[in-house]
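Trainee: please work out how this folds:
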Amino acid sequence: MTVAHPPPNHEGTTRERRQFEIIASIARTDAGLMIPPEKAPMVFARITKRIRRLGLADPEEYCALVLGSEGATERRQLISALTTNVTGFLRERHHFDFLRQNILPDLTTRAKRGERIRIWSAGCSSGPEPYSTAMVLLDALPDALDCDIRILATDIDAQVLEVAQAGCYGIGQLAPLPDGYRKRFFQAASGSGNRGDRFEVAPKLRTLIRFKELNLLAPWPMRGTFDLIFCRNVVIYFDQDTQMDLWSRFSGACKTGGHLFLGHSERLPQAFHVAFRPVATTTYLRTPATPPQHPTCKES
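Mentor: A predicted model of the protein is given here:
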């Protein structure tokens, strides 16, 4: 049975449509993901892997499982399967160039004075984003471990967080790094199975970063504000109301004078340019202004 391409009869098409609506509804309710009907083949292709792993007969049984009282664990696995985790070291390099040239001179001065510096990678995927941030930071401030600097890296997907925490990557994944970074910030992966093509992050990078599972739609447990927030290629998958809610919450989580980095296809609505002034490509400076309030906003 090829679930990604249902048989061309009315019953099969109707059944397939109902199954897709169940999965899409869970994705929206649990994670805020908007999955249009034209993405149905992708959805069925991805849940087919879960169906096989669980030993179920077909998507009908899978839908019954995730809708049932014991389906909470599998719903998390479903969100993981549906989440796109495209990432890479120094991806969208212009952000890291801006960080190095325009932000770190002042940030490192403040850190040396003993000020608290906090950075948030929201939607960190398998880890290249927070590790890239830590490398650029350590390059500018070698004594960063002696300062009050921490990077919080969160993601809704527990599976990719395990990869991020392991911090082990193939040599091809490290290709975007500048000369010297691999030698300074990585070491050959331990284990007899490594043939010299796997590298793990150095302990000093791990020390700076704390990985946590977090659904952006849920309450945020963080108490303080952040000097830098990376939320790149995440909000684009949410509906407009959810996006507006998140922009308001990010404005509350970002320190005045701090910066928010978005993905290449994301833009803040014009109304939020009062609270976040554009300063570079998909880079915004938090101003002292009060952001607009959205009816569905939650306390952050």
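Trainee: for stretch 134-148, give the mean pLDDT please.
Mentor: Confidence for stretch 134-148, expressed as mean pLDDT, is 97.
Trainee: hmm, I typed the wrong one, I wanted stretch 110-127.
Mentor: On average, stretch 110-127 scores 97.
Trainee: span of that stretch from start to end?
Mentor: Stretch 110-127 stretches 26 Å from its first residue to its last (Cα to Cα, to the nearest Å).
Trainee: so residue 85, which of the three states?
Mentor: Per DSSP: H, G, I helix; E, B strand; the rest coil, the secondary structure class of residue 85 is coil.
Trainee: pretty sure it is touching residue 164, no?
Mentor: No. If you go by Cβ atoms under 8 Å, residue 85 and residue 164 don't touch, sitting 10.2 Å apart. Yep, even glycine has a C-beta here, placed from its N, CA and C like the rest.
Trainee: which neighbours do these two share?
Mentor: Residues touching both residue 85 and residue 164 (Cβ atoms under 8 Å, 6 or more residues apart in numbering): 125-126.
Trainee: the two: which is more packed in?
Mentor: residue 164 (24 against 14; other Cβ atoms under 10 Å).
Trainee: for the helix or strand where that one lies, packing partners?
Mentor: Of the helices and strands defined by DSSP states H and E, residue 164 is found in helix 158-166. Applying 3 or more Cβ pairs under 8 Å, 6 or more residues apart in numbering; DSSP states H and E, we find helix 158-166 packed against helix 72-82, strand 149-155, strand 209-213.
Trainee: could these be laid out in CSV, adding distance to residue 264 and mean neighbour count?
Mentor: Below are those laid out as CSV (distance: least, Cβ to Cβ, whole Å; neighbours: other Cβ atoms under 10 Å):
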stretch, distance to residue 264, mean neighbour count
helix 72-82, 22, 17
strand 149-155, 19, 23
strand 209-213, 24, 16
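Trainee: would you say residue 56 is within a helix?
Mentor: No. Assigned with three-state DSSP, residue 56 falls outside any helix and is coil.
Trainee: that one touches residue 63, doesn't it?
Mentor: No. At 9.9 Å, residue 56 does not count as touching residue 63 under the criterion of Cβ under 8 Å.
Trainee: tell me what the strand or helix carrying residue 41 is packed against?
Mentor: Secondary structure assignment for residue 41, by DSSP H and E: helix 40-54. Where contact means 3+ Cβ pairs under 8 Å, 6+ apart, helix 40-54 is packed against helix 10-31, helix 59-67, helix 72-82.
Trainee: rank those by pLDDT, which is bottom?
Mentor: Among those, helix 10-31 has the lowest mean pLDDT, at a mean of 84.
Trainee: hey, which strand is longest across the chain?
Mentor: In the chain, ranked by residue count with DSSP state E as the criterion, the top strand is strand 254-262.
Trainee: buried ones in that strand?
Mentor: 254-255, 258-262 (16 or more other Cβ atoms under 10 Å).
Trainee: what do you get for stretch 63-73?
Mentor: Quick answer for stretch 63-73 (16+ other Cβ under 10 Å): 63, 65-66, 71.
Trainee: in TSV: those, plus distance to residue 269.
Mentor: Output for these, formatted as TSV (distance: Cβ to Cβ, whole Å):
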residue	distance to residue 269
63	36
65	39
66	34
71	36
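Trainee: show me which of the residues you listed is closest to residue 240.
Mentor: Distance to residue 240 across the buried residues of stretch 63-73 (Cβ to Cβ) is lowest for residue 66, with 26.1 Å.
Trainee: measure that closest one to residue 93 for me?
Mentor: 39 Å (Cβ to Cβ, to the nearest Å).
Trainee: where does residue 200 land in three-state SS?
Mentor: Residue 200 - assigned by three-state DSSP - is strand.
Trainee: can you get me a residue count around it?
Mentor: The burial count assigned to residue 200 is 18, neighbours taken as other Cβ under 10 Å.
Trainee: that one bridge partners, please.
Mentor: With DSSP bridges as the criterion, residue 200 is bridged to residue 168, residue 187.
Trainee: got the contact list for it?
Mentor: By Cβ under 8 Å, 6+ apart, the neighbours of residue 200 are 166-169, 186-190.
Trainee: one step back: could the helices and strands packed on helix 158-166 go into JSON lines alongside distance to residue 140?
Mentor: Below are the helices and strands packed on helix 158-166 laid out as JSON lines (distance: least, Cβ to Cβ, whole Å):
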{"stretch": "helix 72-82", "distance to residue 140": "35"}
{"stretch": "strand 149-155", "distance to residue 140": "11"}
{"stretch": "strand 209-213", "distance to residue 140": "16"}
